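1. Here's my sequence, what's the structure:
(chains A and B)
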There are 2 protein chains.
Amino acid sequence: MLAEIITIGDELLIGQVVDTNSAWLGQVLSQNGITVKQITSVSDDQVHILQALAAAEERAELILITGGLGPTKDDITKQTLCTYFNTSLVFNTEVLADVEERFASFGKTVTPINRKQAEVPANCKVIRNKSGTAPGMWIDKGNKTFISMPGVPFEMKAMVTNSVIALIKEKFKLSFIYYKTVLTQGIGESDMAELIEKWEDSLAALNIKLAYLPSIGTLRLRLTTHGDNEAMLRELVTAKITELQALADNYIYGYEEMDGQKETLQHIVGQLLLESNQTLAIAESCTGGFVSHLITSIPGSSAYFKGGIITYANEIKTQELSIPAAIINQHGAVSSEVVELMAKEIKNKFKTDYAIATSGIAGPSGGSAEKPVGTIWIAIATQQQVITQKFLFGGTREQNIERTAQTALNMLRKHIVK
Amino acid sequence: MLAEIITIGDELLIGQVVDTNSAWLGQVLSQNGITVKQITSVSDDQVHILQALAAAEERAELILITGGLGPTKDDITKQTLCTYFNTSLVFNTEVLADVEERFASFGKTVTPINRKQAEVPANCKVIRNKSGTAPGMWIDKGNKTFISMPGVPFEMKAMVTNSVIALIKEKFKLSFIYYKTVLTQGIGESDMAELIEKWEDSLAALNIKLAYLPSIGTLRLRLTTHGDNEAMLRELVTAKITELQALADNYIYGYEEMDGQKETLQHIVGQLLLESNQTLAIAESCTGGFVSHLITSIPGSSAYFKGGIITYANEIKTQELSIPAAIINQHGAVSSEVVELMAKEIKNKFKTDYAIATSGIAGPSGGSAEKPVGTIWIAIATQQQVITQKFLFGGTREQNIERTAQTALNMLRKHIVK
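-> Residues are numbered from 1 along each chain as shown, chains lettered A, B, ... in the order given. From the prediction side, this is the model:
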């Protein structure tokens, strides 16, 4: 089945916002057996939107539209849909109730301008928005379907994940797609490609597609196949993943099932700590709070995370974690000695089972010939020992912070599962 | 003048690659007075590319195309351009010389497949590529111009910056575009729209467009206008922004100029601390390290950020920040009393000029009737005083953490500028 994506908003055309919605939608649709034919970004201009709708309708069966649903005057998608389908806006009490509930949760009452969020084209079926005030709209026109959604990424994503995909599957007969994602850490895209080259070559004959999905610090490998026999597809992919484990086991930290939640290292580490009833403290220098942020982004993390200290200045390392100034002077703050003490001291002070410590040169300045930007020390303290490891990432500040955090979490994970 | 961007490649449609080229081109073109009418992403499919070219030619004078110029079989842009313009490929010795020079610089000779990079449509003017082997191609058709460029971002960007913009200015007389963005925090999109309704209505007569650009915790307002008289456009927008200040001063934390960097609250707070030679410490509970992460994401933040403590468990609040257990028991960790002490204690302990403290219920669990999810206390300690403020955000865990951080940074900013 063919789909097209239309994203609406001047901010996309002047490049103030990168259109990440389309890529995300493209991924989700392909994973569900729907081929995206074209992505079109147009301005907040009625004539232009009407043109784009007509062109997409000619080529595709499913047209997904994002953006232009805010309550402000520059947002004209709803009125334009009315013009396109020759209908008018009607007041939807169900949407109003959602908007009212949302405002009540902030201790506010709905303003007149926000009441307008409850107006929808008369020919649409409302898709409820649990993360914002603008409802989604499903409009059938013969065998074609138009779905209009908010442009705010997290609202759109929640709507697609929770409702839209199921609704599409109800209406259209899609061939069965099965995919599973292998999560790796500690190896880059091209090194992985070399490591698994022969294995990758063997996938084509089985009709399995491999996608490399790199992000800073981690690399996900998605195996996708489609057909009619669900059980056979699962078996095929599982067998190839077993082969992959033999090649890349040292880098694999987890798996994501098609219907499962997105697994991150902080999820997996959190789950391991929760199951073993153990606790964690974190001492951060170069990561400046980012490792703790990842850990505490998981609901319920207070069950295993006691807290942390961000010892950004050297004097704070001495004051809070009793690291002798002489050791810092002798070896530098970015050293095995300092990061080992950081981990050991915070573990003792916070009385936890594990501790993580980071110290490095995130950049862009602060590097030297001996310790260039991207030099990172990580320590993991357990009940038995403290291990430290050095890395040379050498990226941008953002990359160094992110890669350090991912690497530290994976080091801790390996120690817990050992 | 109107332009359109066509990006070619299956990887864009399945979402494996986010189309950042278009946003970058959109920025550069708008800054040069060219209005981007549409961005279209299509697959590596001849019929589809031909359709997209024809549609773009109808709407725009300038059509920029990226992608599909590699030497492998899946790249078909050059052959498709020949079909579209009813011409054929010819061998260009100048391009071959460039390719040969490039290969020589790696100590290699040109392979047969790479010799094909020197074949270009007979009707094109070659745009040399100094960062890769695929040349750019400039094709005039009456008063319309087509420019085909490589999809590799750094090759395309170098080509645009070094050659394409100058060539466009040679051929077309461009009108000037000016925009400026007002950064606000602490007010939502619809509340802002109500607050500035009359002011917004006055923009149309002046040919100024207003865009609302919300993200979690902040809202940016962009004013855009175009014409021939650059000085007058700047003056017009500046005058309207002065009027806006009178209405919304309490929410405005900064501005972004057209050619300036993206400004965030952590940039602005960092700059203020740096200029005044003052320091900061942070005590975080519900934000779990995220405020510190934002602060330390700025290069050079070690000049003003000494460090922080993440007092996630109550016992850590008592142990590290001397908050009496009795006070936590009496008022709860999410209370004015506790957050005030957190800010006061970390400021004294870390000997800084300012401190931020956060304590709240990020959710999704942990809420009660009295303190529902999204109840947040923030404290700012200065040399003179500690002020605390309560917020009821009531969003998801991610939203509550992000909004708390943005709000805390803005509270600190207001205190520093006072």
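2. List phi and psi for the closest residue to chain B within the stretch 101-250 of chain A.
-> Residue of the stretch 101-250 of chain A nearest chain B, by C-beta to the nearest C-beta: residue A:105 (4.1 Å). (Glycine included, C-beta is placed from N, CA and C.) With angles defined as degrees, to the nearest 10, residue A:105 sits at phi -70, psi -20.
3. Surely it touches residue B:363?
-> No. In this structure, residue A:105 is not within contact of residue B:363 by C-beta atoms under 8 Å, at 11.0 Å.
4. Quick check: beta-bridge partners of the nearest residue to residue A:188 once chain neighbours are set aside?
-> Closest residue to residue A:188 apart from its sequence neighbours, by C-beta to C-beta, 6 or more residues apart in numbering or on different chains: residue A:219 at 7.0 Å. Counting by DSSP bridges, residue A:219 is bridged to residue A:184, residue A:214.
5. Quick one: residues contacting residue A:219.
-> A:184-185, A:187-189, A:192, A:212-213, A:251 (C-beta atoms under 8 Å, 6 or more residues apart in numbering or on different chains).
6. Among those, the buried ones, what's the ChimeraX command?
-> Typed into ChimeraX, the line below selects the buried ones among the contacts of residue A:219, using 16 or more other C-beta atoms under 10 Å in any protein chain shown:
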select /A:184,185,187,192,251
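7. Pick the one among the contacts of residue A:219 closest to residue B:321.
-> Ranked by distance to residue B:321 (C-beta to C-beta), the contacts of residue A:219 are led by residue A:185 at 34.2 Å.
8. Could I get the contacting residues of the closest residue to that closest one other than its chain neighbours?
-> Distances taken as C-beta to C-beta, 6+ apart place residue A:410 nearest to residue A:185, at 4.4 Å, with adjacent residues excluded. Going by C-beta under 8 Å, 6+ apart, residue A:410 touches A:185-186, A:253, A:265.
9. Could you tell me whether residue A:410 really is in a strand?
-> No. Counting by DSSP: H, G, I helix; E, B strand; the rest coil, residue A:410 is not part of a strand but helix.
10. Tell me, please, where in chain A the pLDDT is lower than the cut-off.
-> For chain A, the stretches flagged by pLDDT under 70 are A:259-260.
11. centroid residue for it?
-> Chain A has residue A:262 as the residue nearest its centroid, 7.5 Å off, counting by C-alpha atoms, centre = their mean.
12. Please flag which of the contacts of residue A:410 sit within helices.
-> Per DSSP state H, helices hold the following members of these: residue A:265.
13. Identify the farthest-apart pair in the contacts of residue A:410.
-> A:186 and A:265 (11.0 Å).
14. just the CA coordinates of the helix or strand harbouring residue A:140, formatted as PDB?
-> In the assignment (DSSP states H and E), residue A:140 maps to strand A:136-141. These are the backbone C-alpha positions of strand A:136-141, laid out as PDB (Å, rounded to 0.1, in the frame of the first residue of the first chain):
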ATOM      1  CA  GLY A 136      -6.200  14.100  15.300                       C
ATOM      2  CA  MET A 137      -8.700  13.800  12.400                       C
ATOM      3  CA  TRP A 138      -9.400  10.700  10.300                       C
ATOM      4  CA  ILE A 139     -11.300  11.400   7.000                       C
ATOM      5  CA  ASP A 140     -12.300   8.800   4.500                       C
ATOM      6  CA  LYS A 141     -13.000   9.700   0.900                       C
END
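15. Check the offset of that strand from the chain's centre.
-> 28 Å (C-alpha atoms, centre = their mean, to the nearest Å).
16. buried sites along that strand?
-> In strand A:136-141, counting by 16+ other C-beta under 10 Å, buried: A:136-139.
17. if we can go back for a sec, dump the residue contacts of the residue of the stretch 101-250 of chain A closest to chain B.
-> In this structure, residue A:105 makes contact with B:372, B:374, B:394, judged by C-beta under 8 Å, 6+ apart.
18. May I see the buried residues of the strand or helix carrying residue A:97?
-> Assigned by DSSP H and E, residue A:97 belongs to helix A:93-105. For helix A:93-105, burial by neighbour count (16+ other C-beta under 10 Å) applies to A:95-96, A:98-100, A:102-103.
19. same question, stretch A:348-367
-> Residues of stretch A:348-367 classed as buried by neighbour count (16+ other C-beta under 10 Å): A:349-350, A:352-363, A:366-367.
20. Out of those residues, which is nearest to chain B?
-> Distances from chain B to those, taken by C-beta to the nearest C-beta, are shortest for residue A:350, at 6.4 Å.
21. where's the closest one relative to residue A:280, distance?
-> According to C-beta to C-beta, to the nearest Å, residue A:350 and residue A:280 sit 9 Å apart.
22. Which neighbours do the two have in common?
-> The contact lists of residue A:350 and residue A:280 share residue A:306, where a contact means C-beta under 8 Å, 6+ apart.
23. Could you look up the SS state of residue A:372?
-> Quick answer, by three-state DSSP: residue A:372 is coil.
24. could you pick out which of the buried residues of stretch A:348-367 are near chain B?
-> Contacts with chain B are made by A:349-350, A:362-363, A:366 out of those, judged by C-beta under 8 Å from any C-beta of the partner chain.
25. Output the set of residues of the stretch 201-350 of chain A in proximity to chain B.
-> A:211, A:213, A:282, A:284, A:287-293, A:295-297, A:299-302, A:305-313, A:315-316, A:319-320, A:349-350.
26. Buried only: go through the residues you listed for me.
-> A:211, A:282, A:284, A:287-293, A:295-297, A:301-302, A:305-313, A:316, A:319-320, A:349-350.
27. pretty sure residue A:70 contacts residue A:134?
-> Yes. The pair residue A:70 and residue A:134 qualifies as a contact (C-beta under 8 Å) at a distance of 6.5 Å.
28. Need the overlap of contacts for these two.
-> Any residue near both residue A:70 and residue A:134 by C-beta under 8 Å, 6+ apart counts here, and that gives residue A:150.
29. where along the stretch 201-350 of chain A do the helices fall?
-> Listed in chain order, the helices of the stretch 201-350 of chain A (DSSP state H, counting those that start in this stretch) span A:230-248, A:265-276, A:290-296, A:314-321, A:325-331, A:336-350.
30. Tell me which other helices or strands the first one touches.
-> When you say that, I think you mean helix A:230-248. Under the contact definition 3 or more C-beta pairs under 8 Å, 6 or more residues apart in numbering or on different chains; DSSP states H and E, helix A:230-248 sits against strand A:176-185, helix A:189-195, helix A:197-201, strand A:218-227, strand A:252-257.
31. For that helix, buried residues please.
-> Buried-residue list, helix A:230-248, by 16+ other C-beta under 10 Å: A:233, A:236-237, A:240-241, A:244, A:248.
32. Check the second one too.
-> In terms of neighbour count (16+ other C-beta under 10 Å), helix A:265-276 has its buried residues at A:265-273.
33. still on that earlier bit, of the helices and strands packed on helix A:230-248, give the one that comes closest to residue B:159.
-> Of all the helices and strands packed on helix A:230-248, it is helix A:189-195 that lies closest to residue B:159, at 24.9 Å by C-beta to C-beta.
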